[in-house]
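> give me a model of this one.
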Amino acid sequence: MSDVLTLAAEARDRAGKGASRAMRREGRVPAVIYGNKEAPLSIHVEEKRLVKLLQTGFFTNSTVEIELDGQKYLTLPRDVQFHPVNDRPIHVDFLRVGANTLVEVNVPVRFENEAASPGLKRGGVLNVVRHEVELKCPANAIPDYIVVDVTGFDVGDSIHISAVKLPKDVTPVIDDRDFTIATIAAPSGLKSQEAAEGEAAEG
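Here you go, the predicted model:
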């Protein structure tokens, strides 16, 4: 799992668009901590540090420990708003969580052992249906990614979530069907050959 990210924050005394614009001019980004049946906290964080965390690629599926006035709050980023023109972050929502709180996050999929797939060895194409899978997991045990082992899969096969070994206490949010993560499609050359063979057999 990803290490817990840390982010220093300061309390935000003033609300409103004018105050937020003033903060952004000073290199700060307005934010809020909410949830866990506690009162929301209006804060602001350093833009440079926030951008650095965003660039890790796993900011939105990692827990972030926010340090505010000597206290630490374990949170999960829920929404990051960006400026429509310059793409700079302009506001962040952080959901307050406990270490064992179950959270729903999108986790990237990583495919392994492609050399052990008969279909891919024959020139088949890995057609990824889901690049991410929405999972329910403890806030302190969010996986960086899930591994899909394509060993043994041939052309025409579909790889479903049931074929994936998930970490302990991690389950798919979609639990009413065995959804597809990827398929192995025939290369165009093989399709043409099979079609020709089929026509010859019919003839």
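> which stretches in the protein count as helices?
Counting by DSSP state H, one finds helices in the chain at the ranges 17-25, 47-54, 118-121, 188-202.
> could you pull out the buried residues of the second one?
Read that as helix 47-54. Across helix 47-54, burial judged by 16 or more other C-beta atoms under 10 Å covers 47, 49, 50, 53, 54. C-beta coordinates here come from the backbone N, C-alpha and C atoms, glycine included.
> tell me the mean pLDDT for that helix?
What helix 47-54 shows for mean pLDDT is 94.
> from the chain's centroid, how far away is it?
In terms of C-alpha atoms, centre = their mean, to the nearest Å, the centre of helix 47-54 is set 18 Å apart from its chain centre.
> over to the shortest one?
Relative to the centre of its chain, helix 118-121 is centred 28 Å away, using C-alpha atoms, centre = their mean.
> CA-only coordinates of that helix in PDB, if you can.
C-alpha atoms of helix 118-121 as PDB (Å, rounded to 0.1, in the frame of the first residue of the first chain):
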ATOM      1  CA  PRO A 118      -0.900 -18.400 -25.000                       C
ATOM      2  CA  GLY A 119      -3.200 -15.800 -26.600                       C
ATOM      3  CA  LEU A 120      -0.800 -12.900 -26.300                       C
ATOM      4  CA  LYS A 121       2.100 -15.100 -27.500                       C
END
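> mind listing what's buried along it?
Buried residues in helix 118-121, counted by 16+ other C-beta under 10 Å: 119, 120.
> for that helix, which outside residues touch it?
114, 115, 126, 150, 152, 153, 154, 155, 156, 157, 184 (C-beta atoms under 8 Å, 6 or more residues apart in numbering).
> at 10 Å instead, please
Helix 118-121 is contacted from outside by 111, 113-115, 124-126, 150-157, 183-187, 190, using C-beta atoms under 10 Å, 6 or more residues apart in numbering.
> what of stretch 93-100?
Contacts of stretch 93-100 (C-beta under 10 Å, 6+ apart): 4, 7, 9, 31-38, 40-41, 43, 45, 63-64, 66, 73-81, 101, 103, 138-141, 169.
> restricted to strands, list those.
Mapping the contacts of stretch 93-100 onto strands (DSSP state E) picks out 7, 9, 31-35, 38, 40-41, 43, 45, 64, 66, 73-81, 103, 138.
> okay, now the domains of this structure?
Domain assignment for the chain, taken from automatic domain parsing, gives 5-97, 103-202.
> pLDDT on the longest one, on average?
The average pLDDT for domain 103-202 rounds to 88.
> also stretch 22-31?
90.
> show me what contacts residue 155?
Contacts of residue 155 (C-beta under 10 Å, 6+ apart): 117-120, 122-125, 183-187, 190-191, 194.
> hmm, 7 Å instead?
119, 122, 124, 184, 186 (C-beta atoms under 7 Å, 6 or more residues apart in numbering).
> among the residues you listed, which one sits closest to residue 26?
residue 184 (53.1 Å; C-beta to C-beta).
> tell me how many other residues crowd that closest one.
Other residues within reach of residue 184, judged by other C-beta atoms under 10 Å, total 22.
> what pairs with it across the strands?
Beta-bridge partners for residue 184, by DSSP bridges, are residue 126.
> just the buried members of the contacts of helix 118-121?
Applying 16+ other C-beta under 10 Å to the contacts of helix 118-121 flags 111, 124, 126, 150, 153, 155, 157, 183, 184, 185, 186, 190 as buried.
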